[in-house]
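1. Give me a 3D structure for the following:
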Amino acid sequence: MTYANHASAEFNQRLETSLKQITADVVQALGENLVALILGGGYGRGEGGVVLTEGREAPYNDIDFTLVVKNKRAVPNGELLAISERYEALLHVDIDFSRPLTLKDIKDWPHWLMWYDLVNGHVVLHGPVDILSGNAPSHLLEPLPLIEASRYLLNRGAGLLWAMRVVSGIEPAGDQDFVRRNYYKCVLAMGDGMLIAGRRYVTPYAGRDLLLAELAAADDQVASLELGPLYQTSLAFKFNPHKVAEKDFGLEDLKELARTWGKVFLQVENRRTGMSWPWLDDYVAWPGLREPEQNKVSQWPRNFVRNAQLRMWSWRYPREQLYQQLPVLLHLTKKQSTDWPSESARFLAVWHRFN
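-> Below you'll find the predicted structure:
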């Protein structure tokens, strides 16, 4: 089995051995309650990242598992945490188990990027091989709605903001590659956001640079962004970060990338909403709803409770404010933050809960 097509056969064999051990431990911990264990993310698509560490190939990305169970309340979370910690110490990457899902949950999946990518790129490590293809809604085989481009850009823009806080000395980096990784993740999101908006997005990363080039050739607005070369570099970093020249990205580098992010974000939002904001200042000032589907009258009580937990009073879904705040915090509008460290921290706290 190939989990990283830019790695050696020996690496893939070692990773397969680890995955079999993790699977056996999960099966033992959950017993008959376990319906399926699914490997997603880059390794589930066969495109996982690999880095050379002291001359030896090692995993670079998180290893993401989706759990399907009969009874969500009977899942031994403590034992799963112990499994994660044990293999994180061995593999030196995060081992992430999803919140447990049932077959009913899968059948009710909304048309989101995360589920689209999982359905279209995964490995079933335990359970029926057609657990997703036989139960996921058919709309997950159709092109993604444009709101998924907006949410993806919002998330990676938040990662860019986080990196700005790190290089500004406001908080420590999670690891030595934190800033560089978030820089390239943001670039990939910009290209992928345009592909989603242009109805050309596909789950495999390989070949997306060609799709982006085709889109730019057919659309002058996309061409004006000049994303191609940087997107290709970001793909190379995703597969083999050690093959991309190391660079210490400073605050000015991040601000420059933020300006491109702002152009992409505005293009996507104009296409998605049918509006024609010329500048991000106009977008930020617009009082309308960015996600109407999260703000129906029937959802007002839910939204009010979630806002109250944040000590805010609003019937709008909490993510609404993030769309308006991020361009300001990334220094892309005439409006400026009065206390950037506090306001950016507040933004990220809300984003962590509602991304």
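
2. Let me see the ranges of the helices in the stretch 151-300 of the chain.
-> Secondary structure of the stretch 151-300 of the chain, counting by DSSP state H, counting those that start in this stretch: helices at 178-197, 208-218, 220-223, 228-239, 251-273, 280-285, 300-309.

3. Now distance to G41 and mean neighbour count too, for those, in TSV please.
-> No exception for glycine: its C-beta is placed from N, CA and C like everyone else's. Shown next, in TSV, are the helices of the stretch 151-300 of the chain (distance: least, Cβ to Cβ, whole Å; neighbours: other Cβ atoms under 10 Å):
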stretch	distance to G41	mean neighbour count
helix 178-197	13	23
helix 208-218	16	17
helix 220-223	27	14
helix 228-239	11	19
helix 251-273	23	18
helix 280-285	32	17
helix 300-309	28	14
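
4. Please produce JSON lines containing these, extended by mean pLDDT.
-> Listed next are the helices of the stretch 151-300 of the chain as JSON lines, based on pLDDT from 0 to 100:
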{"stretch": "helix 178-197", "mean pLDDT": "97"}
{"stretch": "helix 208-218", "mean pLDDT": "97"}
{"stretch": "helix 220-223", "mean pLDDT": "96"}
{"stretch": "helix 228-239", "mean pLDDT": "96"}
{"stretch": "helix 251-273", "mean pLDDT": "97"}
{"stretch": "helix 280-285", "mean pLDDT": "97"}
{"stretch": "helix 300-309", "mean pLDDT": "90"}
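
5. In a markdown table: those, plus distance to S342.
-> Shown next, in a markdown table, are those (distance: least, Cβ to Cβ, whole Å):
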| stretch | distance to S342 |
| --- | --- |
| helix 178-197 | 21 |
| helix 208-218 | 37 |
| helix 220-223 | 36 |
| helix 228-239 | 31 |
| helix 251-273 | 18 |
| helix 280-285 | 19 |
| helix 300-309 | 19 |
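
6. Nearest to T2, out of these?
-> helix 228-239 (12.7 Å; Cβ to Cβ).

7. How many neighbouring residues does L19 have?
-> If you count neighbours by other Cβ atoms under 10 Å, L19 ends up with 20.

8. How is this structure divided into domains?
-> The chain breaks down into these domains under automatic domain parsing: 9-141, 147-354.

9. Straight-line length of the last one, end to end?
-> When the termini of domain 147-354 are compared using Cα to Cα, to the nearest Å, they are 15 Å apart.

10. quick one: that domain to chain centroid distance?
-> Relative to its chain's centre, domain 147-354 lies at 11 Å (Cα atoms, centre = their mean, to the nearest Å).

11. With stretch 4-14 instead?
-> 24 Å.

12. swap in stretch 58-68?
-> Relative to its chain's centre, stretch 58-68 lies at 13 Å (Cα atoms, centre = their mean).

13. and the end-to-end length of that stretch?
-> The straight-line separation of the ends of stretch 58-68 (Cα to Cα) is 28 Å.

14. got the buried residues for that stretch?
-> Neighbour counts over stretch 58-68 (16 or more other Cβ atoms under 10 Å) mark A58, P59, Y60, N61, D62, I63, D64, F65, T66, L67, V68 as buried.

15. so who does the last one touch?
-> With contacts defined as Cβ atoms under 8 Å, 6 or more residues apart in numbering, the neighbours of V68 are L34, V35, A36, L37, I38, P100, L101, T102, L103, I106, G127, I131.

16. what does the helix or strand of the chain with the lowest mean pLDDT contact?
-> Among the helical and strand segments of the chain, the one scoring lowest on mean pLDDT, DSSP states H and E is helix 300-309, with a mean of 90. With contact meaning Cβ under 8 Å, 6+ apart, helix 300-309 is reached by Q294, N295, W313, S314, W315, R316, Y317, P318, F354.
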